[in-house]
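K.L.:
Give me the fold of what follows.
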Amino acid sequence: PIDVDGICYVRAPFHEKKNVKYEIEIEPKMSFGTGHHETTYLMMKHILDLDVQNKEVLDMGCGTALLAILASMKGAKHVDAIDIDNWCYLNSIENGERNNITNMDVFEGDASLLTQENKYDIVIANINRNILLNDMSAYANVLKPGGTILFSGFYTEDIEAIRTSAESFGMIFNNHIEKNNWVALK
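P.N.:
Okay, the predicted model is just below:
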């Protein structure tokens, strides 16, 4: 199990329950996102610090949907979770049901699914450097003015490339957190 600051506890079905504010049960199967990897852990820390109450949230490259589930548990109005991998798509649906999440829609696909009609207060993108750079315009187009975007899936040496690209689309760097040379930007 993964414990994030004594507030969020992520466990598999065979782990004992723990009395914390946000307990998430994940059956990872073949999907990324159990909280063990530094980037997922860092993104969970960012989400725990964010006000997501009544916000529209996008989890791009959702893997197990762990981050989408956490946003939902924190009071998001609605969450869209998207992953290109069929295993992840199916696993995200299963994990949403496992955690009684009723305000999350899961889609199989990539950034081409993002349209001007869907706007988000918070965009979560824990993918990798090259995909983030490639899809930056799509994320910028669906982020509401004044919204928050979280990027992870890359190393400290990639901060400048991600930051420069995001700023070219009008985003303003707020902060970053690190763990073992992995980074999550806000």
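K.L.:
List the residues that contact the nearest residue to residue 59 once chain neighbours are set aside.
P.N.:
With C-beta to C-beta, 6 or more residues apart in numbering as the criterion, residue 59 has its nearest non-adjacent residue at 3.8 Å, and that residue is residue 68. In short, each C-beta sits where N, CA and C put it, glycine included. For residue 68, the contact set (C-beta atoms under 8 Å, 6 or more residues apart in numbering) comprises 57, 59, 62, 79-81, 92, 96, 101, 104, 124.
K.L.:
Quick one: the helices in the protein, in order.
P.N.:
With DSSP state H, the ranges of helices along the chain come out as 38-49, 66-73, 86-98, 129-142, 159-168.
K.L.:
elements contacting the last one?
P.N.:
Going back to what we said before, that points to helix 159-168. Packing partners of helix 159-168 (3 or more C-beta pairs under 8 Å, 6 or more residues apart in numbering; DSSP states H and E): helix 129-142, strand 143-155, strand 182-185.
K.L.:
With mean neighbour count as new columns, can the ones you listed be given to me in TSV?
P.N.:
As requested, the helices and strands packed on helix 159-168 are exported to TSV (neighbours: other C-beta atoms under 10 Å):
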stretch	mean neighbour count
helix 129-142	18
strand 143-155	19
strand 182-185	22
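K.L.:
No more questions from me, cheers.
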